[in-house]
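1. Quick one, structure for this:
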Amino acid sequence: MIKKIKSAGQVFLFTIVLPFFISDTLLAQEIRWVDDIVADSLQDGVTFKLCNTEAQIIQYFNNGKGAEYLGGKPAIDSLFFTSYHKVHTDISGMIRIRFVVNCLGETGRFRLLSADSNYQPVVFPDAVNSQLMQITKSMNCWQTKLWKDVKIDYYQNLIFRIEQGQLTNIIV
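-> Predicted coordinates:
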């Protein structure tokens, strides 16, 4: 279904802003999939390295094994539910942290995206975001993935359900 542009803001977005995004971002580095994480030395630092090329980073589900963390989902739940402390806020919704795991099990290129309970963009308090990001970055038991008998780099997502500042669920 094709949605018609209804507002001047949408016209501005599609005719003015989008071409700049395409020319500056997509042409600078080929984006293969929606949500590829482009390396940014200012945001990511310089210590994290891929084992293979950008074009070889696969999605975490491509080998059919899902998240591969030592101890599995129970270990992830235990880590977050014991480390995260409730923050006083009226905001509820979901926070997704997406990152890359390289062929050595090291992580980098962390990106956070959040939405309220109606799936509209929202900014959670920094105390929520920083806790989740800090715990995610501390996870050091990611397993390597094999693709055709070769260790590969892969994208991983963790999605956190937050109800008024309380962590209630983790989707891996």
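
2. where does this protein have low pLDDT?
-> For the chain, the stretches flagged by pLDDT under 70 are 1-35, 60-66.

3. Mind doing that once more with 90?
-> Within the chain, the stretches with pLDDT under 90 are 1-47, 52-68, 144-150.

4. now the strands for it?
-> For the chain, strands defined by DSSP state E occupy the ranges 58-59, 93-101, 107-116, 145-147, 150-152, 154-163, 166-171.

5. looking at these, which is closest to Lys49?
-> Comparison of those against Lys49 by Cβ to Cβ identifies strand 107-116 as nearest, at 8.1 Å. The C-beta positions use only the backbone N, C-alpha and C, and glycine is treated the same way.

6. Packing partners of the closest one?
-> Under the contact definition 3 or more Cβ pairs under 8 Å, 6 or more residues apart in numbering; DSSP states H and E, strand 107-116 sits against helix 41-44, strand 93-101, helix 126-138.

7. can you redo the ones you listed as JSON lines with mean neighbour count?
-> Shown next, in JSON lines, are the helices and strands packed on strand 107-116 (neighbours: other Cβ atoms under 10 Å):
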{"stretch": "helix 41-44", "mean neighbour count": "10"}
{"stretch": "strand 93-101", "mean neighbour count": "20"}
{"stretch": "helix 126-138", "mean neighbour count": "16"}
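
8. Which one of those lies nearest to Tyr154?
-> Using Cβ to Cβ, those put strand 93-101 closest to Tyr154, at 5.5 Å.

9. I'd like the helices and strands packed on strand 107-116 as a markdown table, with distance to Tyr154 appended.
-> Listed next are the helices and strands packed on strand 107-116 as a markdown table, based on distance: least, Cβ to Cβ, whole Å:
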| stretch | distance to Tyr154 |
| --- | --- |
| helix 41-44 | 16 |
| strand 93-101 | 6 |
| helix 126-138 | 15 |
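
10. for the ones you listed, which one sits closest to Thr82?
-> When the helices and strands packed on strand 107-116 are ranked by proximity to Thr82 (Cβ to Cβ), helix 126-138 comes first, at 9.7 Å.

11. Okay, domains of this protein per the record?
-> If you go by automatic domain parsing, the domain ranges for the chain are 1-30, 33-171.

12. Most tightly packed of those domains?
-> With neighbours taken as mean count of other Cβ atoms under 10 Å, the domains of the chain reach their highest mean count in domain 33-171, at a mean of 15.

13. contacting residues for the nearest residue to Leu113 once chain neighbours are set aside?
-> Distances taken as Cβ to Cβ, 6 or more residues apart in numbering place Arg96 nearest to Leu113, at 4.9 Å, with adjacent residues excluded. Arg96 is in contact with Leu112, Leu113, Ser114, Asn157, Leu158, Ile159, Phe160, counting by Cβ atoms under 8 Å, 6 or more residues apart in numbering.
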